[in-house]
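S.K.: How does the following fold in three dimensions:
(one chain, ligands or ions: 1)
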Amino acid sequence: MTTVFSKIIAGEIPADVLYEDDICLAFRDINPKAPTHFLVIPKKEIVSLADLSDEDEAIVGRCVLVASQVAESEGLVGGYRLIANTREDGGQEVMHLHFHVLGGRKLGWPPG
Ligand code: 5GP
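M.R.: Below you'll find the predicted structure:
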């Protein structure tokens, strides 16, 4: 399924890119919910965590590692939250797997 994130990967629409390699892309969320809010997405069109195959293991691992490394480079020494909203009940709006990284303030728990 082609989404707005495929267009960002292809460079067809602009994004504030923080990191890119052959496997994944990290860029700032257009509607930030915290002082620092970026997304890490695989370049492969995977719909959600609920749609992973065994062959996606290394891709997901890479995305999580990149999330950690970009969080560090963004200065989130006090901590942060990694979230993957999944399908309708999880509040997923863009049907391309993405990890939110939120930080820069104390985050509440539980989420709504
Ligand atoms: P979801 O609700 O699917 O977990 O989150 C999708 C996220 O993508 C939202 O936080 C939304 O602000 C972000 N988003 C949607 N469209 C764009 C876009 O065109 N550019 C960027 N940078 N973020 C986007």
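S.K.: Centre of the chain to the helix ranked longest in the chain, how far?
M.R.: Across the chain, the longest stretch assigned as helix under DSSP state H is helix 57-73. Centre-to-centre, helix 57-73 and its host chain are 9 Å apart (C-alpha atoms, centre = their mean, to the nearest Å).
S.K.: Please shift the residue numbers so they start at 49 in all later answers.
M.R.: All set: I'll call the first residue 49, so the last point we hit is now helix 105-121.
S.K.: For it, name the packing helices and strands.
M.R.: strand 65-68, strand 72-76, strand 84-90, strand 128-131, strand 147-151 (3 or more C-beta pairs under 8 Å, 6 or more residues apart in numbering; DSSP states H and E). Placement of C-beta: from N, CA and C, glycine included.
S.K.: What parts of this protein come near the ligand?
M.R.: By C-beta under 6 Å from any ligand atom, the residues of the chain that approach the ligand are 52, 63, 75-79, 133, 139-142.
S.K.: Present the residues you listed as a markdown table; the columns should include neighbour count and pLDDT.
M.R.: What follows is the residues of the chain next to the ligand, written out as a markdown table (neighbours: other C-beta atoms under 10 Å; pLDDT from 0 to 100):
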| residue | neighbour count | pLDDT |
| --- | --- | --- |
| 52 | 15 | 98 |
| 63 | 20 | 98 |
| 75 | 21 | 98 |
| 76 | 15 | 98 |
| 77 | 17 | 98 |
| 78 | 12 | 98 |
| 79 | 6 | 98 |
| 133 | 17 | 98 |
| 139 | 11 | 98 |
| 140 | 18 | 98 |
| 141 | 9 | 98 |
| 142 | 16 | 98 |
